[in-house]
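Novice: got a predicted structure plus its sequence, pasted below:
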Amino acid sequence: MNYLLIEQAETRNKLKPFTFTRPIAEIRVGILTIREKWEKYLKTGLSHIAVPHLQQKFPQKLAKQNVLINSSVCPTPELVNAIALGATLKKGNILIAAHASDEEISFFNVSEKLQEAAEFDGELTIISEKWNIFQFNGKEIKADYNLITAGRNTQHINDPHSIVYNESNIFIEEGASIKAAILNAEDGPIYIGKNAVVNEGAIIKGPFALCEGAHLSMRGIIKGDSTVGPYCKVGGEISNTVFFGYSNKGHDGFIGNSVIGEWCNLGAATNTSNLKNNYAHVKLWDYGQQKFEDTGLQFCGLMMGDHSKSGINTMFNTGTVVGVSANVFGSGFPRNFIPSFAWGGASGFTTFKLSKAMEVASIVMQRRNVEFDESEQQIMTHHHEESISDRFWESN
């Protein structure tokens, strides 16, 4: 059977800035991306029905008969079994899975499918808001850990200077290095990916995932429910935060209840606030409604899109949303919605020119042996144009 990941425009808007540059199912929550979760359960590859400007990088693969799966839904064994039996499923007003021929896909109607769908009564994790990524991260680490490690043997910590609590809840992939660290898996599993490095003095509390090739710096502190995606380098104090991949926070500074996209860099002593002084609910910028939305959460920090950067000593206020390829620097707190391709900080912004942004992206990606190819250039060019209306200073 051929499986395709579908998404709704409203949910794409809710998950911006992360969905400016990727389909929903390429979001990492837990150890794996949503697509990777489905692929492991279904034991086959999945493709996306992506918006036009993402199709070159994420092409769809059609067959005569297809199963369409909602990109926002994280799989469970019960859900996968129900889909394997050919069911069309929903959860409330959310379509989870449906069947369609290649001819039907071009005029696929979600409302019609909802009417014929059976209600799935099992528990599900659905990523429909950007804060759901960190909110459900601990839960998804546990689920992914069980999925990835089932029937496999872990590498062992042979370093005599490392201290381990509940070692049976720790899995270490081949090539990983751990030296003079503290790993506490009493409250949740710890996953250390292939060729990942835990440096001297690091303190880790699970649930936690350090993905392939990622580095945790000396004296790095992980307070749990956090994921450091592939080839990231992080340090300082990290709490309930997800780094998608290829991003750096190599120095001291606190980040909590946050989500950081790919190819980002947080300068030395960058700090995020994740709690308002009056303990009120945090509001986040909603791109679809073009206004701030109440998250209902007391703790919420920084949402940063791909390729964005902060200078040394940058301070992000509670509930700050930063778009794609923004450069934030200077003293004081910048505004808590920073559009894509912004250049500046609390004293004001100018526009980061597209040519310069692409030049920087190419250099940054080459350092990780990844090409800033035509598909990446197309995505960045498209987003530079679509984000003009967000850059308020350009219309003044």
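Specialist: Received, thanks.

Novice: how is this protein partitioned into domains?
Specialist: Using automatic domain parsing, the domain parsing of the chain gives 2-128, 130-262, 265-396.

Novice: buried deepest among these, which one?
Specialist: Among those, ranked by average contacts under mean count of other CB atoms under 10 Å, first place goes to domain 130-262 (a mean of 21). Glycine gets a C-beta too; all of them are placed from N, C-alpha and C.

Novice: so, low pLDDT: which residues of the protein?
Specialist: Applying pLDDT under 70 to the chain flags the ranges 396.

Novice: please pick out the residue of it most distant from its centre.
Specialist: Taking CA atoms, centre = their mean, the residue of the chain most remote from its mean C-alpha position is Pro160, at 34.5 Å.

Novice: which secondary structure state does it sit in?
Specialist: The three-state assignment at Pro160 reads coil, by DSSP: H, G, I helix; E, B strand; the rest coil.

Novice: so how far is Asn166 from it?
Specialist: Per CB to CB, to the nearest Å, Pro160 is found 19 Å from Asn166.

Novice: all helices for the chain, in order.
Specialist: Along the chain, the stretches classed as helices by DSSP state H are 9-14, 34-42, 77-84, 102-105, 110-116, 132-135, 137-149, 354-366, 374-386.

Novice: tell me how far the second one lies from the chain's centre.
Specialist: This points to helix 34-42. Offset of helix 34-42 from its chain centre (CA atoms, centre = their mean, to the nearest Å): 15 Å.

Novice: alpha carbons only: can I get it in CSV?
Specialist: Presented in CSV, the C-alpha positions along helix 34-42 are these (Å, rounded to 0.1, in the frame of the first residue of the first chain):
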residue,chain,number,x,y,z
ILE,A,34,6.3,12.6,12.7
ARG,A,35,7.1,11.0,9.3
GLU,A,36,9.8,8.9,10.7
LYS,A,37,7.4,7.6,13.4
TRP,A,38,4.9,6.4,10.7
GLU,A,39,7.7,4.9,8.6
LYS,A,40,8.9,2.8,11.5
TYR,A,41,5.5,1.6,12.4
LEU,A,42,4.4,0.9,8.8
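
Novice: which elements pack onto that helix?
Specialist: Using 3 or more CB pairs under 8 Å, 6 or more residues apart in numbering; DSSP states H and E, the elements in contact with helix 34-42 are strand 2-6, strand 73-74, helix 77-84, helix 137-149.

Novice: mind running it again at 10 Å?
Specialist: Counting contacts by 3 or more CB pairs under 10 Å, 6 or more residues apart in numbering; DSSP states H and E, helix 34-42 is packed against strand 2-6, strand 65-70, strand 73-74, helix 77-84, helix 137-149.

Novice: out of the ones you listed, nearest to Glu103?
Specialist: strand 65-70 (10.6 Å; CB to CB).

Novice: what angle separates the closest one from helix 34-42?
Specialist: Computed by axes from the mean of the first three to the mean of the last three CA atoms, to 10 degrees, the angle separating strand 65-70 from helix 34-42 equals 130 degrees.

Novice: strand 65-70 pairs with which strands?
Specialist: Looking at strand 65-70 with DSSP bridges, its partner strands are strand 2-6 (parallel), strand 94-101 (antiparallel).

Novice: would you reformat the helices of the chain as CSV and include distance to Met315?
Specialist: Formatted as CSV, those follow (distance: least, CB to CB, whole Å):
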stretch, distance to Met315
helix 9-14, 27
helix 34-42, 32
helix 77-84, 42
helix 102-105, 47
helix 110-116, 42
helix 132-135, 20
helix 137-149, 24
helix 354-366, 23
helix 374-386, 26
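
Novice: out of these, nearest to Trp285?
Specialist: Of all the helices of the chain, helix 9-14 comes closest under CB to CB, at 11.2 Å.

Novice: who are the packing partners of the closest one?
Specialist: Under the contact criterion of 3+ CB pairs under 10 Å, 6+ apart, helix 9-14 touches strand 283-286.

Novice: other SSEs contacting the strand it packs on?
Specialist: If you count contacts as 3+ CB pairs under 10 Å, 6+ apart, strand 283-286 packs onto helix 9-14, strand 291-294, strand 320-322, strand 337-338.

Novice: switch to 8 Å and redo it
Specialist: Packed against strand 283-286 by the contact rule (3+ CB pairs under 8 Å, 6+ apart) you find strand 291-294.

Novice: any residues touching the strand it packs on, and which ones?
Specialist: Applying CB atoms under 8 Å, 6 or more residues apart in numbering, the contact partners of strand 291-294 are His281, Val282, Lys283, Leu284, Trp285, Asp286, Phe337.

Novice: export the residues you listed to CSV and tack on distance to Lys16?
Specialist: CSV is the format used below for the contacts of strand 291-294 (distance: CB to CB, whole Å):
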residue, distance to Lys16
His281, 20
Val282, 17
Lys283, 16
Leu284, 11
Trp285, 9
Asp286, 8
Phe337, 11
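
Novice: for these, which one is nearest Gly253?
Specialist: Val282 (19.6 Å).

Novice: right, and that closest one touches Met303 too?
Specialist: No - look at Val282 against Met303 with CB atoms under 8 Å: they stay out of range, at 10.8 Å.

Novice: now do the same end-to-end measure for stretch 88-103.
Specialist: One end of stretch 88-103 to the other measures 18 Å (CA to CA, to the nearest Å).

Novice: try stretch 324-334
Specialist: Rule used - CA to CA; the end-to-end distance of stretch 324-334 is 16 Å.

Novice: just how off-centre is that stretch within its chain?
Specialist: Distance of stretch 324-334 from its chain centroid, counting by CA atoms, centre = their mean, is 21 Å.

Novice: contact partners of it?
Specialist: Stretch 324-334 has contacts (CB under 8 Å, 6+ apart) with 17, 20-21, 261, 267, 305-317, 320, 322, 338-347, 352, 357, 360-361, 380, 383-384, 387.

Novice: name the nearest residue to Ser340, ignoring sequence neighbours.
Specialist: With CB to CB, 6 or more residues apart in numbering as the criterion, Ser340 has its nearest non-adjacent residue at 3.2 Å, and that residue is Gly323.

Novice: no further questions, thank you.
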